[in-house]
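Q: what would the 3D arrangement of this be:
(chains A, B, C and D)
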There are 4 protein chains.
Amino acid sequence: MIIVMKPDASQSHIRKVVEVLEKNHLKAHLSKGKQLTIIGVIGDKSVLSEANLEAMDGVERLVPITESYKLSNKKFKPEPSVIKVKGFSIGGGRFSIVAGPCSVESREQLLKTARFLKTQGVCFLRGGAFKPRTSPYAFQGLGQQGLEYLKEAAEETGMAIVTEVTSMKTLEIAIDYADVFQIGARNMHSFELLKEVGKAGKPVVLKRGLSATIDEWLNAAEYIMREGNNRVILCERGIRTFETATRNTLDISAIPVIRNKSHLPVLIDPSHATGVRDYIVPLCKAAMAVGADGIMVEVHPAPSEALSDGAQSLDFEDFKKMLSELKPLAELCGKVMDR
Amino acid sequence: MIIVMKPDASQSHIRKVVEVLEKNHLKAHLSKGKQLTIIGVIGDKSVLSEANLEAMDGVERLVPITESYKLSNKKFKPEPSVIKVKGFSIGGGRFSIVAGPCSVESREQLLKTARFLKTQGVCFLRGGAFKPRTSPYAFQGLGQQGLEYLKEAAEETGMAIVTEVTSMKTLEIAIDYADVFQIGARNMHSFELLKEVGKAGKPVVLKRGLSATIDEWLNAAEYIMREGNNRVILCERGIRTFETATRNTLDISAIPVIRNKSHLPVLIDPSHATGVRDYIVPLCKAAMAVGADGIMVEVHPAPSEALSDGAQSLDFEDFKKMLSELKPLAELCGKVMDR
Amino acid sequence: MIIVMKPDASQSHIRKVVEVLEKNHLKAHLSKGKQLTIIGVIGDKSVLSEANLEAMDGVERLVPITESYKLSNKKFKPEPSVIKVKGFSIGGGRFSIVAGPCSVESREQLLKTARFLKTQGVCFLRGGAFKPRTSPYAFQGLGQQGLEYLKEAAEETGMAIVTEVTSMKTLEIAIDYADVFQIGARNMHSFELLKEVGKAGKPVVLKRGLSATIDEWLNAAEYIMREGNNRVILCERGIRTFETATRNTLDISAIPVIRNKSHLPVLIDPSHATGVRDYIVPLCKAAMAVGADGIMVEVHPAPSEALSDGAQSLDFEDFKKMLSELKPLAELCGKVMDR
Amino acid sequence: MIIVMKPDASQSHIRKVVEVLEKNHLKAHLSKGKQLTIIGVIGDKSVLSEANLEAMDGVERLVPITESYKLSNKKFKPEPSVIKVKGFSIGGGRFSIVAGPCSVESREQLLKTARFLKTQGVCFLRGGAFKPRTSPYAFQGLGQQGLEYLKEAAEETGMAIVTEVTSMKTLEIAIDYADVFQIGARNMHSFELLKEVGKAGKPVVLKRGLSATIDEWLNAAEYIMREGNNRVILCERGIRTFETATRNTLDISAIPVIRNKSHLPVLIDPSHATGVRDYIVPLCKAAMAVGADGIMVEVHPAPSEALSDGAQSLDFEDFKKMLSELKPLAELCGKVMDR
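A: Residues are numbered from 1 along each chain as shown, chains lettered A, B, ... in the order given. Now for the predicted structure:
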């Protein structure tokens, strides 16, 4: 960390800052320029919670240099993580596909989708039973009944279930059904929930918050990992910007940035990123080319009859076509697609 | 709602959309232009969850016209709401001050602050016992012990306690201590938590999410109100933008927008909006002038020793000076300041 | 400036960076931590254009510490600037009002507005003759004819003319008419134009770019001032964010930030910031309370017949009402309103 | 266009709006709901500049339905445009590479780069002679001397020159040298400059503005095309968001959106989008996979000695490696790479 002093900071201000640092067993390196003084801080700055340096007299601002996340940080574990789920893997040269309807709507809808995806070699079945919706009057999901259908589909097909949990209550219900928990964008900052899914011990797909920086996202992963759960899969799903042609703006650069900073695998969700079916296939191909570890994509037997997000769902024909375009690309990019 | 059809939508596409609308007892008004057809939808569109119109063939996009929130909507309750808490009021011509430390750190710190605020006529004491922090390694609050201190301070001073709840678990603990629950920006989209604070029946300060639109914010209020709890106080605390000179960007226009759309009272929190002590007083004055119902502001006996957010806290002298500037302004603006 | 080296930077990488600094007569202060090395750079870093330090091997990133603007910087001229225009002043305890129609549309419209504003004591008449419009098919302004009308109005009323220039060509035409040039948000980054208005020697209202940081804004002022023209008036007019309830988001915190960083006066334009007439008066009051040096506001004799931006224009009655609310506020805030 | 009336709009308000529409030979379709009335407007709304409907009594807001751009609109020219430059093509199944240094710095630097690129089959040489820089104290380019070097390089290698113009003055100088004009992000909204490059008749690479919506970007293209110049090549170079891990956020979804709305070819510039060399190659591959018509990329013989943007420039080895990764991808995607 670097402490930038105000131009008019006095000697006494500087001395007091240095004293606080030394009291905390940190080394202070002073650099005095004509205009201002900067203090480099060397040592474990986590001890500094006792003092609020930024509020000290004469201090202009603090510039953090090292990241606050450790377990998710590539510096401390350089080799990429491979997450094992029910015999399947995410990361480590695989390009995984997590597919299924936005919401579980009925037994037929889910089984039909799962059976279809199974024939396509998909290993991860997604489906929401608890749906966080902007309006309380919108369809909120089938709840536990939806989880029952997911379980039935998983048992029949052998697929792994990925499903969202939105609170401790829904976590407690879902724990008997889910193979992978999903934390949605709207809950990425719900730290209490992150701790709970950390303790639950199942793998977690952690979506990036609507306006979360990559740094905050990796700190959210840290909340989960710190509870002893290393099986975190990141998922970029678009960030909020001024552009309205797409629902969100897919931050595709997040993939190489994550590769550079973390060992965790990272997926792309083009359905939520754009909200427009026609843009999904090109973005899935981009996800492969940029080096993502897979995609999360909405598939529905009859998108126009979907109870949520039909406009961003592929139908079965679209999905098959997408796979046929992705496969040669995977080969070229040296990625193994499921099965 | 308006349905804009694609330029190449066929007669049959249009007919099918109209059929779906009529099946749902909605009226469809067709406007056929040279380039495209638009369909005005008249009636209660909440019944439409059965069909995903946006995914139907020939449909380009849907344009919502009416708001999805009702209980928080001024159209259905034109007169401004006044929220009663422990004999105090928020809204209705008052300019309320909610003040106190970001985190409760110790008995001394809190009592000292509360006693000081009491002498200044402040009625609402804020203090965090459960702190949502970006990094899991940062100070997370004193928990229940912090609530005990808050209670002691409230009993001694007669002030009302405003404190944040971050999950159902912390809500269950805080219910015996808090007079007003606070939902922080990071949890504004945690719909399950919103429902729970709705059920708990105590007044709620609902902070705007980091990147929540005003429409989403009012929908979040709707989640609380729909559980039968009408005592919601909105709080604008800055939104996330590209600007880095302040921690967030205070959206001061949100105050007249809210006045235009909702009957709920709305506060401004300049501490979190800017993160810089020097900017707090001018923004509190702007809050008064723009017509806000009050402010939420961080006060600490010794900001440079604070365990969180010291850089954005006023000390006692600053706070007194602020009050002396706000009082004549309140008189001019026709606002009654507490006590 | 601080240079943060990569964790795996070698001794030789560090040595080479230090050599480049020393070759440029800069001092390097090394701080070696367990994880990484940081290099504080002391001296005039403007000489560094010869080397691209960020691209050197072993360098992770550069952290700028001092601002790159000098003439607009408060550090080098602490007392606030007062800009003199045709006998009127902006800054230094005044609250100036720049008012008039968005576009000059006709002789009658302009004269009627100018005469009205004159009776209200307004000194600065705004009106666009060259209008930058998103679509080439929208009304682009009356051009030189519009300037003629402005001149006639100024001669009759004695007001000072503020009008936008959009290119060197329109600058050359406007130079014979304008008392103050306005650089619009869309041209804040047009550096060649900034240099030209700098050379032209007349005062300049410099609007903040749609997505310009405050730092970039002050650098834009620097482009003008470096040509020997110190009469720059900043104008905050809203920045682009995800919020759609207002056309832009007024960044009111920019006022205290500018006060902290620069000696230049700063206005607020609530018409462009919100695009909604009903929000203008509350925001003008907030502008006064937060300490702005004035406002720029659209006034039109018949807003619903305006050729541009009628929805954000006040009519004469609205304007009078606004003044009657601002005047007592000015007195309280210790501001002198024009005349 | 749709006009949404306020809930309390009177019959007389509605009648007046309809009268204005009919006076302008537009048809009005009324849809009266329980809560509000909407008016669909059918006909050529460009005639409406005479009335500012949004400011009329009783009008809540206008909802545009059709795009305001026509010449750049796919609806009016469905087949993709192929832009011819000096015997080379952009668009129509080609994947074009525009490469070269950010700034022309010296004769050697440029010739060395051009000769190298020539051996790699690159047809378009980029290089800035007039550099728009945030600070007036940063290197501003070699000016006309830089253009001379570009011309020499072009004559020797047969490549086409792409170079930025920043004002009418620099346009007049560059017209004797450039094969393709580039309009930078900071000038995308400089409508006067757009008109001038439209008149100049040479092909134009039009970069997207820092915070321009796709709609505004296509309107900027319209400014150029309306002057009779159809040879516009769009270039996505990242938009401004809250994320700081990359300089800007590459909006890769803009490619399928543009495909959907316009017939113009579109490139991706990953150098400016990220500002980080390590992220360029993955993003170039994503550009190919998503269906872009090419890339614009910075190449420098010795990035660490570059006078601008060295940190985002590839060296010769990096560039060769990138090509070797792109070529098989191009084959798979059915794209022809230059030569």
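
Q: helix, strand, or coil at the residue lying closest to residue A:124 once chain neighbours are set aside?
A: In space, and not counting its chain neighbours, residue A:124 is closest to residue A:98: 4.0 Å by CB to CB, 6 or more residues apart in numbering or on different chains. Using the backbone N, CA and C atoms, a C-beta is placed for each residue, glycine as well. Following DSSP: H, G, I helix; E, B strand; the rest coil, the label given to residue A:98 is strand.

Q: and residue A:98, what's its pLDDT?
A: If you check residue A:98, the pLDDT there is 98.

Q: my read is that it contacts residue A:271, right?
A: No. Residue A:98 is beyond contact range of residue A:271, at 10.7 Å (criterion: CB atoms under 8 Å).

Q: which strands and helices lie in contact with the helix of greatest length in chain A?
A: Secondary structure of chain A per DSSP state H: the longest helix is helix A:316-333. On a contact count with 3 or more CB pairs under 8 Å, 6 or more residues apart in numbering or on different chains; DSSP states H and E, helix A:316-333 meets strand A:94-100, helix A:107-119, helix A:280-290, strand A:336-337, helix D:316-333.

Q: same thing but 7 Å
A: Applying 3 or more CB pairs under 7 Å, 6 or more residues apart in numbering or on different chains; DSSP states H and E, one finds that helix A:316-333 contacts helix A:280-290, strand A:336-337, helix D:316-333.

Q: in that helix, what's buried?
A: Neighbour counts over helix A:316-333 (16 or more other CB atoms under 10 Å in any protein chain shown) mark A:316, A:318, A:319, A:322, A:323, A:325, A:326, A:329, A:332, A:333 as buried.

Q: same question, stretch A:67-74
A: Buried positions in stretch A:67-74, judged by neighbour count with 16+ other CB under 10 Å: A:67, A:68, A:69, A:70, A:71, A:72, A:73, A:74.

Q: out of these, which comes closest to chain B?
A: Distance to chain B across these (CB to the nearest CB) is lowest for residue A:68, with 4.1 Å.

Q: which of the three states applies to the residue nearest to that closest one when sequence neighbours are not counted?
A: Leaving aside its sequence neighbours, residue A:68 sits nearest to residue B:135 (CB to CB, 6+ apart; 4.1 Å). Under three-state DSSP, the three-state class of residue B:135 is coil.

Q: picking up where we left off before, can you redo the helices and strands packed on helix A:316-333 as CSV with mean pLDDT?
A: Written out in CSV, the entries for those read as follows (pLDDT from 0 to 100):
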stretch, mean pLDDT
helix A:280-290, 98
strand A:336-337, 94
helix D:316-333, 96
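
Q: I'd like those written out as JSON lines, with distance to residue A:298 added.
A: Formatted as JSON lines, the helices and strands packed on helix A:316-333 follow (distance: least, CB to CB, whole Å):
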{"stretch": "helix A:280-290", "distance to residue A:298": "8"}
{"stretch": "strand A:336-337", "distance to residue A:298": "19"}
{"stretch": "helix D:316-333", "distance to residue A:298": "24"}
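
Q: list the contacts for the residue nearest to residue A:124?
A: A:124, A:126, A:162, A:267, A:294, A:296 (CB atoms under 7 Å, 6 or more residues apart in numbering or on different chains).

Q: what's across from it in the sheet?
A: Beta bridges link residue A:98 to residue A:124, residue A:296 when assigned by DSSP bridges.

Q: excluding chain neighbours, what is closest to residue A:316?
A: Spatial nearest neighbour of residue A:316, excluding adjacent residues (CB to CB, 6+ apart): residue A:116 at 5.3 Å.

Q: gap between the one you found and residue A:322?
A: Remark: distance between residue A:116 and residue A:322 (CB to CB, to the nearest Å) = 13 Å.

Q: now swap in residue A:8 and tell me
A: Residue A:8 sits at a distance of 62 Å from residue A:322 (criterion: CB to CB).

Q: all strands for the stretch 1-150 of chain A, in order.
A: A:2-5, A:27-32, A:37-42, A:59-63, A:83-85, A:88-90, A:94-100, A:124-126 (DSSP state E, counting those that start in this stretch).

Q: okay, the longest one in CSV with CA atoms only?
A: Just to be clear, that refers to strand A:94-100. Written as CSV, here are the backbone C-alpha positions of strand A:94-100 (Å, rounded to 0.1, in the frame of the first residue of the first chain):
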residue,chain,number,x,y,z
ARG,A,94,-12.5,-28.6,-20.9
PHE,A,95,-15.2,-26.4,-22.4
SER,A,96,-18.2,-27.2,-20.2
ILE,A,97,-21.8,-26.5,-21.2
VAL,A,98,-24.4,-25.8,-18.5
ALA,A,99,-27.8,-25.7,-20.2
GLY,A,100,-31.5,-25.8,-19.4
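
Q: next one: it to chain centre, how far?
A: Strand A:94-100 has its C-alpha centroid displaced from the chain centroid by 15 Å (CA atoms, centre = their mean, to the nearest Å).

Q: before we move on, back to that, among the buried residues of helix A:316-333, find me the one that's closest to residue B:78.
A: Taking CB to CB as the measure, residue B:78 lies nearest residue A:318 of the buried residues of helix A:316-333, at 47.8 Å.

Q: around chain C, which positions in the stretch 1-150 of chain A sit nearby?
A: Within the stretch 1-150 of chain A, the positions near chain C by CB under 7 Å from any CB of the partner chain are A:2, A:4, A:7, A:29, A:31, A:33, A:35-36, A:38, A:40, A:42, A:63, A:65-66, A:75.

Q: again, only using 10 Å
A: Applying CB under 10 Å from any CB of the partner chain, we find that the stretch 1-150 of chain A lies next to chain C at A:1-2, A:4-8, A:27-45, A:60-61, A:63-66, A:75-76.

Q: near chain B too, which of the residues you listed?
A: The subset of those within reach of chain B, by CB under 10 Å from any CB, is A:45, A:61.

Q: who is residue A:41 paired with across the strands?
A: Residue A:41 forms beta bridges with residue A:28, as assigned by DSSP bridges.

Q: cool, residue A:37 as well?
A: With DSSP bridges as the criterion, residue A:37 is bridged to residue A:32.

Q: can you add distance to residue D:169 and give the buried residues of stretch A:67-74 back as JSON lines?
A: Formatted as JSON lines, those follow (distance: CB to CB, whole Å):
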{"residue": "A:67", "distance to residue D:169": "46"}
{"residue": "A:68", "distance to residue D:169": "49"}
{"residue": "A:69", "distance to residue D:169": "50"}
{"residue": "A:70", "distance to residue D:169": "54"}
{"residue": "A:71", "distance to residue D:169": "56"}
{"residue": "A:72", "distance to residue D:169": "52"}
{"residue": "A:73", "distance to residue D:169": "50"}
{"residue": "A:74", "distance to residue D:169": "49"}
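
Q: spatially, which two of those are the most separated?
A: Using CB to CB, the pair of those lying farthest apart is A:68 and A:74, separated by 14.4 Å.

Q: and chain A, what are its domains?
A: A:2-63, A:83-337 (automatic domain parsing).

Q: just name the most buried of the ones you listed.
A: Mean neighbour counts were compared across the domains of chain A using mean count of other CB atoms under 10 Å in any protein chain shown; the top stretch is domain A:83-337, at a mean of 22.

Q: what about that domain, how long is it end to end?
A: Domain A:83-337 has an end-to-end distance of 15 Å (criterion: CA to CA, to the nearest Å).

Q: need the overlap of contacts for residue A:116 and residue A:322.
A: Common contacts of residue A:116 and residue A:322 (CB atoms under 10 Å, 6 or more residues apart in numbering or on different chains): A:99, A:299.

Q: quick revisit: from the buried residues of helix A:316-333, pick the one nearest chain B.
A: Of the buried residues of helix A:316-333, the one sitting nearest to chain B (CB to the nearest CB) turns out to be residue A:318, at 11.6 Å.
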